[in-house]
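# Build the 3D model from these lines:
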Amino acid sequence: MEKRKLGKTDMQVSVLGFGGSEIGYEHATAETVARLLNSALDVGLNAIDTAECYVNSEELIGQAVAGRRNDCYLFSKCGHPEGWGREDWRPRSLLKSIERSLRRLRTDHLDLVQLHSCSEAQLRKGDVIEALQQARQRGYTRHIGYSGDGHAARYALECRQFDTLQTSINIADQEALELTLLLARERNIGVIAKRPIANAAWKIGRKPADPYLHTYWERLQKLTYDFLRAELKNAVATALRFTLSIPGVHTAIVGTTKPGRWHENAAMLAAGPLPPEQFERIRARWEEVADATWVGQT
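Below you'll find the model as predicted:
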């Protein structure tokens, strides 16, 4: 699998990474996660991203890859120690959370710790950034990053304190291409694309029951991309290749609880980047339809 240098870091990351939210929220078994991750590591995946608030995701990943620490880069996030939506940005809390992540992931260091959707106002205070810098000084992590969207993500780049940016980039979420990615490329910041297939929000052909998918579903109804009428696996392949064709994107994080799914996604990339004319049609349609309310989804 192709690898790309993650910005100014020393990490050569696989273009397809593993996102750990689904295994936590969908209650995957330890056996399933071990099979999923080890089979993926065997064929070239090396970027594993999770967060303290993804239920027991860190523990599941720690159990699965503890014996293969040198085969992968471990990324986690902090700021929601009691679960998503319950923020705690106190420096002491952030450091305790990172220490807990190390124990859960069964490692003595992380390759990347990211602030998880911290607001611009909170970032501007500076103490959350200082907490991550302290974590790096203590050897808890080699690199520090910001995970989020919109103007908070823009400020994270402007302040010049982070090594990476994780942000939403996909066929239904393209604000970042102009708001943050140009600046990230200019400053050699590593870019991790989250939601790279727009959560396949179109796949069942009707509005999903899960409110989490509604924004993308509604946008896609207006974007009316012709390729979404193709067989699902081909539509997903086009969506994923679009995200990885964007200049400055280094890896795309895809979550699954199905051991065979990662291999399917990896196979989709064998065709390489989208043809330029197809890529430009998707961009042109976005620019034609999207309005100022179509902001990056946290």
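# State the distance from the spatially most central residue of the chain to residue 296.
Taking CA atoms, centre = their mean, the centroid of the chain lies closest to residue 194, which sits 3.1 Å from it. From residue 194 over to residue 296 the distance is 10 Å, taken as CB to CB, to the nearest Å. C-betas here are computed from N, CA, C, even on glycine.
# Mutual contacts of those two, please.
167, 168 (CB atoms under 8 Å, 6 or more residues apart in numbering).
# Name the residues linked to the residue nearest to the centre of the chain by a beta bridge.
Listed beta-bridge partners, residue 194: residue 168 (assigned using DSSP bridges).
# isn't residue 181 right next to residue 250, touching?
No: using CB atoms under 8 Å, residue 181 is not in contact with residue 250, being 11.0 Å away.
# Pull up the overlap in contacts between those two.
residue 191.
# Show me which residues of the lowest-mean-pLDDT helix or strand in the chain are buried.
Least confident element among the helices and strands of the chain, by mean pLDDT, DSSP states H and E: helix 259-268 (a mean of 83). Across helix 259-268, burial judged by 16 or more other CB atoms under 10 Å covers 259, 262, 263, 265, 266, 268.
# go on, stretch 93-110?
93-95, 97-98, 101-102, 104-107, 109-110.
# Can you tell me the closest non-neighbouring residue to residue 282?
residue 242 (5.6 Å; CB to CB, 6 or more residues apart in numbering).
# Would you agree the one you found falls within a helix?
Yes: counting by DSSP: H, G, I helix; E, B strand; the rest coil, residue 242 is located in a helix.
# For it, which residues are in contact?
Contacts of residue 242 (CB under 8 Å, 6+ apart): 170, 171, 274, 279, 282.
# Out of the residues you listed, which is nearest to residue 128?
Of all the contacts of residue 242, residue 128 sits closest to residue 170, with 27.1 Å by CB to CB.
# do you know how far the closest one is from residue 100?
Where residue 100 is concerned, residue 170 sits at a distance of 31 Å (CB to CB).
# Break down the protein into its helices, ranges please.
In the chain, the helices defined using DSSP state H lie at 21-25, 30-42, 57-65, 91-105, 120-125, 127-137, 150-158, 175-176, 182-186, 214-223, 232-245, 259-268, 276-289.
# Out of those, point me to the one whose mean pLDDT is lowest.
With a mean of 83, helix 259-268 has the lowest mean pLDDT of the helices of the chain.
# Just the CA coordinates for that one, please, in PDB.
What follows is helix 259-268, C-alpha atoms only, in PDB (Å, rounded to 0.1, in the frame of the first residue of the first chain):
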ATOM      1  CA  PRO A 259     -12.500  -7.600   9.100                       C
ATOM      2  CA  GLY A 260     -12.900  -8.000   5.300                       C
ATOM      3  CA  ARG A 261     -14.000  -4.400   4.700                       C
ATOM      4  CA  TRP A 262     -10.600  -2.800   5.100                       C
ATOM      5  CA  HIS A 263      -9.200  -5.100   2.400                       C
ATOM      6  CA  GLU A 264     -12.000  -4.100   0.100                       C
ATOM      7  CA  ASN A 265     -11.300  -0.400   0.700                       C
ATOM      8  CA  ALA A 266      -7.600  -1.000   0.100                       C
ATOM      9  CA  ALA A 267      -8.300  -2.700  -3.200                       C
ATOM     10  CA  MET A 268     -10.400   0.300  -4.300                       C
END
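# between it and helix 30-42, how many degrees?
Per axes from the mean of the first three to the mean of the last three CA atoms, to 10 degrees, the angle that helix 259-268 makes with helix 30-42 is 20 degrees.
# Show me what helix 259-268 is packed up against.
strand 16-19, helix 30-42, helix 232-245 (3 or more CB pairs under 8 Å, 6 or more residues apart in numbering; DSSP states H and E).
# what's the closest residue to residue 15 other than its chain neighbours in contact with, if anything?
What sits nearest to residue 15 in space, not counting adjacent residues and going by CB to CB, 6+ apart, is residue 2, at 4.9 Å. Taking CB under 8 Å, 6+ apart as the criterion, residue 2 is in contact with 14, 15, 269.
# Can you lay out these as CSV showing pLDDT?
Below are those laid out as CSV (pLDDT from 0 to 100):
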residue, pLDDT
14, 97
15, 96
269, 88
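# quick one: which of these has the most company?
Neighbour counts for these (other CB atoms under 10 Å) peak at residue 14, which has 25 neighbours.
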